[in-house]
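In: I need the structure of the sequence given here:
(chains A and B)
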Amino acid sequence: AQSVAQPEDQVNVAEGNPLTVKCTYSVSGNPYLFWYVQYPNRGLQFLLKYITGDNLVKGSYGFEAEFNKSQTSFHLKKPSALVSDSALYFCAVRDEPNSGNTPLVFGKGTRLSVIA
Amino acid sequence: GAGVSQSPSNKVTEKGKDVELRCDPISGHTALYWYRQSLGQGLEFLIYFQGNSAPDKSGLPSDRFSAERTGGSVSTLTIQRTQQEDSAVYLCASSPGLAGMRETQYFGPGTRLLVL
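Out: Okay, here's the model as predicted:
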């Protein structure tokens, strides 16, 4: 069965500095990987996904993520953090061998706090 | 266009009462998912509908939980004889249902359920 780990419950970064939110995964086949962001009292908003092709994926709000097959990682990055990026970030995975349109398996989330 | 909508946004109930939560997916989306977000637990898959196929109920935590999807659109999640451990945010998501594993799921704002 597939699984996702987000090793950090909380990440603090100063405004203007680069940020990284870590995600590692475990699947039996080829992974489909997703990042979502959740602002207070809101649902999840899609940021980006890796399906195939270039390992560096660019998404919304200046975020990007790098798929690293050898390290089974899909870390979320942004070159310059904004205070408005403060939110809860979720990494999610699907495992290709499974048939049909299966649900996502989510990590427990990482709370990002950007300090002015 | 309109996103996924859920109602009510908040629900407070007494232990032992039944509750119904509603989800309106994005128009034309044939795939619909329910997830539960509990404090410190991340997102937990509950149930998945795809078109007219039998739903995937593998994530439902007990037989007190059930869901219907009428006419392939609106879905209702019912929790019977609510318990305090049912307190959580219940999130609904939908996707087009055409691209299988590659699809992005779009989430509603959630229903925050509190069982007293």
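In: what pLDDT does residue 41 get?
Out: Picking chain A for this. For A:Asn41, the model assigns a pLDDT of 76.
In: Correction: the question concerned chain B.
Out: Note on B:Gln41: pLDDT of 71.
In: tell me which element the closest residue to it other than its chain neighbours falls in.
Out: Closest residue in space to B:Gln41, ignoring its immediate chain neighbours: A:Lys108 at 7.2 Å, by C-beta to C-beta, 6 or more residues apart in numbering or on different chains. Heads up, the C-betas are built off the backbone N, CA and C, glycines and all. Here A:Lys108 is covered by no helix or strand, with elements defined by DSSP states H and E.
In: does A:Lys108 really touch B:Ser38, like I thought?
Out: No. The pair A:Lys108 and B:Ser38 fails to qualify as a contact (C-beta atoms under 8 Å) at a distance of 10.4 Å.
In: So those two - more neighbours on which side?
Out: A:Lys108 (16 against 13; other C-beta atoms under 10 Å in any protein chain shown).
In: A:Ser3 versus the more buried one, what's the distance?
Out: A:Lys108 sits 11 Å away from A:Ser3, going by C-beta to C-beta, to the nearest Å.
In: Repeat that for B:Glu14.
Out: With C-beta to C-beta as the criterion, B:Glu14 and A:Ser3 are 36 Å apart.
In: before we move on, what about A:Leu48?
Out: A:Leu48 sits 20 Å away from A:Ser3, going by C-beta to C-beta.
In: who's more crowded, these two?
Out: For A:Leu48 and A:Ser3, the more surrounded residue by other C-beta under 10 Å is A:Leu48, and the numbers stand at 19 against 13.
In: Run through the bridge partners of the more buried one.
Out: On the basis of DSSP bridges, A:Leu48 is bridged to A:Trp35.
In: where in chain B is pLDDT low?
Out: For chain B, the stretches flagged by pLDDT under 70 are B:1, B:40.
In: Point out the residues in it that sit beside chain A.
Out: Chain B comes close to chain A at residues B:4, B:6, B:31, B:33, B:35, B:40-43, B:45, B:48, B:50, B:56, B:59, B:91, B:93, B:95, B:97, B:100-110, as judged by C-beta under 8 Å from any C-beta of the partner chain.
In: Just give the closest residue to the residue nearest the centre of chain B, not the sequence neighbours.
Out: Centroid-nearest residue in chain B, with C-alpha atoms, centre = their mean: B:Trp34, separated by 2.9 Å. Using C-beta to C-beta, 6+ apart and skipping the chain neighbours, the partner closest in space to B:Trp34 is B:Leu46 (4.2 Å).
In: Now for residue 87: which residues touch it?
Out: No chain in the question, so chain A it is. Applying C-beta atoms under 8 Å, 6 or more residues apart in numbering or on different chains, we find A:Ala87 in contact with A:37-40, A:111-112.
In: try chain B instead
Out: Contacts of B:Ser87 (C-beta under 8 Å, 6+ apart): B:38, B:113-115.
In: Identify the residues contacting residue 104.
Out: Let's take chain A. A:Leu104 touches A:34, A:92-94, B:43, B:45, B:105, counting by C-beta under 8 Å, 6+ apart.
In: that's the other chain; I wanted chain B
Out: B:Thr104 is in contact with A:34, A:46, A:49, B:95, counting by C-beta under 8 Å, 6+ apart.
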